[in-house]
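Participant: Structure, please.
(one chain, ligands or ions: 1)
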Amino acid sequence: MEYVSTRGSAPVLDFEGATLAGLASDGGLYLPREWPRFTEAQIRDLRGKSYAELAACIMAPFVAGSLSDDELSALCEAVYGDFGHSAVTPLVQLDETHWLLELFHGPTLAFKDVALQMLGHLFETFLERRDKRLTIVGATSGDTGSAAINAVAGRDRTEIFMLHPAGRVSEVQRRQMTTVRAPNVHNIAIKGSFDDAQRHVKRMFADPTINQALNLGAVNSINWARLMAQVVYYFHSALQLGAPDRKIAYSVPTGNFGDVFAGYVAAQMGLSIERLIVATNVNDILHRALSKGDYSTGATTPTITPSMDIQVSSNFERLLFDCGGRDGAALAAQMDSFDKSQSMQLTDEQRKGAAGLFSSTRADQDETARALQWANRNAAQVIDPHTGVGLHASLSAIEAGQVAHDTPVVTLATAHPAKFPDAVERAIGVRPTLPSRVGDLFGREEHFTELAGDYETSRDFVFEHAAASAG
Ligand SMILES: *Cc1c(COP(=O)(O)O)cnc(C)c1O
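Facilitator: Residues are numbered from 1 along each chain as shown. From the prediction side, this is the model:
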């Protein structure tokens, strides 16, 4: 499979190249040149496969030319054959319409493990093959950081630098990053918001001096391989609920538009998805973009769903490219003007393309808390606040008649409730406890460096420490 940049001028790469590059050299994001398409009969044949077997079938067209079928099957078995839950991503029924898709059974209790455990193995395979080292630089609003660190800690060929906004991630999230003791792991707390951290990371990728010297790699959802791995659980859940003979709606709590874009990919591949409901908190740039065509940033408001406290949604660019006629030059101009003014209008083509599959809802703090109460009262489920934002959107979509009455509505449960115990306790009076697989998180020593919020300080820190460890 060939991969092209959304901005049209970076070199075309194969899967291995796109995985190691992360961001494209023209500032764009890589996407497959075309969507592989499964027929209904082929999708029916996927029923009954284990998660690992299904993952290999779904990923095969995307990795063609870079991994053999045997290599891919072995990787999928290594990652998903022994996950925290035997079903990997189990479905839980809430009532006759609503389901939860539990994505938090990996080592760091959020959905990001499902893809990042795979990405860690892919990095290792490709770096061995090339006899190279990779310096991973990432920004995290909490969950990417811990999942990425867990996926590469102690590995020989990767060094990881993870920037998080100081004081704006939960204590469990912070400890899951900072208590990992491995020589290749560097945690940095910067003064500022997640968007500041993400801007620094993007700038490092765009800076040839540091990018080439350190061979930078990305673990944020700008890395295509992550989205590819997330496509699998849409198929896995839809097949259980009757696909391809029945349509399914998904509600996805969204920040960087990665998880829900994977649902869009599943639909392009032929999966019977009736609707993708984009669920945001009060940082609602995606809700405004999808409902009014207005993609403009404001100040980031801290909420009880910190993993979605995002104003600039990196992966939205992939949708704009795909829905807007795949015109890289036009999109590069549109994104350039957005970078300068922090505001843009979607074209009619982009709006129309998105409206066919997406709708959106925004949940404030009270609505989120009420969704947690609904799940607890009606289905005896304790859910995390991010999942609550998604469930609020599912309930609203049914109320507003946006989904056919016999369509199952699946809310993606993106984190374990014990990752955000204070918010959960305030909403329902129950304090969720950490599952034993995370170990003694509160007894271990933390290691991180606090840095000022400017770009140069972060860049210099990465440069000095990566160079030192490369010898
Ligand atoms: C990262 C994250 C999200 C948002 O996912 P995106 O792919 O950025 O849209 C939602 N919920 C939780 C718990 C997360 O960690």
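Participant: got the residues of the stretch 1-150 of the chain near the ligand?
Facilitator: Neighbours of the ligand within the stretch 1-150 of the chain, by C-beta under 6 Å from any ligand atom: 110, 112, 143. For the C-beta atoms, the positions are set from N, CA and C on the backbone; glycine is no exception.
Participant: Need the pLDDT of residue 220.
Facilitator: Listed pLDDT for residue 220 reads 85.
Participant: before we move on, what about residue 471?
Facilitator: 44.
Participant: quick revisit: top of the residues of the stretch 1-150 of the chain next to the ligand by number of neighbours, please.
Facilitator: The most crowded member of these, judged by other C-beta atoms under 10 Å, is residue 112 (33 neighbours).
Participant: List the contacts of that residue.
Facilitator: By C-beta atoms under 8 Å, 6 or more residues apart in numbering, the contact set of residue 112 is 106, 143-144, 147-148.
Participant: Am I right that residue 62 sits in a strand?
Facilitator: No. Read with DSSP: H, G, I helix; E, B strand; the rest coil, residue 62 is helix and lies in no strand.
Participant: Counting neighbours, what do you get for it?
Facilitator: Count around residue 62 with other C-beta under 10 Å applied: 24.
Participant: OK, contacts around the closest residue to the ligand within the stretch 1-150 of the chain?
Facilitator: Nearest to the ligand in the stretch 1-150 of the chain, going by C-beta to the nearest ligand atom, is residue 143, at a distance of 3.1 Å. Applying C-beta under 8 Å, 6+ apart, we find residue 143 in contact with 108, 110-112, 173, 307, 414-415, 419.
Participant: Which two of the residues you listed have the greatest separation?
Facilitator: Across the contacts of residue 143, the longest distance by C-beta to C-beta is 13.6 Å; it joins 111 and 173.
Participant: thinking again about what came up before, select from the contacts of residue 112 every entry located in helices.
Facilitator: The helices, defined by DSSP state H, take in 143-144, 147-148 from the contacts of residue 112.
Participant: my read: residue 16 touches residue 126, true?
Facilitator: Yes. Using C-beta atoms under 8 Å, residue 16 is in contact with residue 126, at 5.0 Å.
Participant: Name the residues contacting each of those two.
Facilitator: By C-beta under 8 Å, 6+ apart, the residues touching both residue 16 and residue 126 are residue 66.
Participant: what's the burial count for the residue nearest to residue 113 when sequence neighbours are not counted?
Facilitator: In space, not counting the residues next to it along the chain, residue 113 is nearest to residue 106; the distance is 2.4 Å by C-beta to C-beta, 6 or more residues apart in numbering. Per other C-beta under 10 Å, the neighbour tally for residue 106 reads 25.
Participant: residues in contact with residue 106?
Facilitator: 83-84, 112-114, 117, 147 are the contacts of residue 106 under C-beta under 8 Å, 6+ apart.
Participant: which of those tops the neighbour count?
Facilitator: Within the contacts of residue 106, most neighbours by other C-beta under 10 Å means residue 112, with 33 neighbours.
Participant: That residue: what's its closest spatial neighbour, skipping adjacent residues?
Facilitator: Once flanking residues are discounted, residue 112 sits nearest to residue 147: 3.8 Å by C-beta to C-beta, 6+ apart.
Participant: Might you report the residue contacts of that neighbour?
Facilitator: 106-108, 110, 112-113, 116-117.
Participant: Generate JSON lines for these, with secondary structure as supplementary columns.
Facilitator: Shown next, in JSON lines, are the contacts of residue 147 (three-state DSSP):
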{"residue": "106", "secondary structure": "coil"}
{"residue": "107", "secondary structure": "coil"}
{"residue": "108", "secondary structure": "coil"}
{"residue": "110", "secondary structure": "strand"}
{"residue": "112", "secondary structure": "helix"}
{"residue": "113", "secondary structure": "helix"}
{"residue": "116", "secondary structure": "helix"}
{"residue": "117", "secondary structure": "helix"}
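Participant: Closest one of those to residue 223?
Facilitator: residue 116 (9.3 Å).
Participant: So that closest one sits against residue 219, correct?
Facilitator: Yes. Using C-beta under 8 Å, residue 116 is in contact with residue 219, at 6.4 Å.
Participant: Mutual contacts of those two, please.
Facilitator: 144, 148, 151, 226.
Participant: Please pick the buried ones from those.
Facilitator: The neighbour-count test (16 or more other C-beta atoms under 10 Å) marks 144, 148, 151, 226 as buried among these.
Participant: Now the third one. Nearest residue, chain neighbours left out?
Facilitator: To tie it back to what came earlier, the one meant is residue 151. In this structure, residue 151 finds its nearest non-sequential neighbour in residue 120, 3.3 Å apart by C-beta to C-beta, 6+ apart.
Participant: Quick one: mean pLDDT over whatever helix or strand that neighbour lives in.
Facilitator: Following DSSP states H and E, one finds residue 120 within helix 112-130. The predicted model assigns helix 112-130 a mean pLDDT of 96.
Participant: roughly how far out does that helix sit from the chain middle?
Facilitator: Offset of helix 112-130 from its chain centre (C-alpha atoms, centre = their mean, to the nearest Å): 15 Å.
Participant: which residues touch residue 298?
Facilitator: Contacts for residue 298 (C-beta under 8 Å, 6+ apart) come out as 283, 285, 311.
Participant: how far away is the second one from the ligand?
Facilitator: This points to residue 285. To the ligand, residue 285 is 12 Å away according to C-beta to the nearest ligand atom, to the nearest Å.
Participant: ok, so what distance separates that residue from residue 338?
Facilitator: Taking C-beta to C-beta, to the nearest Å as the measure, residue 285 falls 11 Å from residue 338.
Participant: Pretty sure residue 427 is one of the things residue 421 touches, is it not?
Facilitator: No. Using C-beta under 8 Å, residue 421 is not in contact with residue 427; the gap is 10.9 Å.
Participant: So these two - more neighbours on which side?
Facilitator: Remark: of residue 421 and residue 427, residue 427 carries more neighbours, 25 against 18, as counted by other C-beta under 10 Å.
Participant: and the stretch 251-400 of the chain, which residues reach the ligand?
Facilitator: Applying C-beta under 6 Å from any ligand atom, one finds that the stretch 251-400 of the chain approaches the ligand through 253-259, 307-308, 386.
Participant: and those as a markdown table, adding secondary structure and distance to residue 102?
Facilitator: Formatted as a markdown table, these follow (DSSP: H, G, I helix; E, B strand; the rest coil; distance: C-beta to C-beta, whole Å):
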| residue | secondary structure | distance to residue 102 |
| --- | --- | --- |
| 253 | strand | 13 |
| 254 | coil | 18 |
| 255 | coil | 19 |
| 256 | coil | 21 |
| 257 | coil | 21 |
| 258 | helix | 18 |
| 259 | helix | 14 |
| 307 | helix | 16 |
| 308 | helix | 18 |
| 386 | helix | 13 |
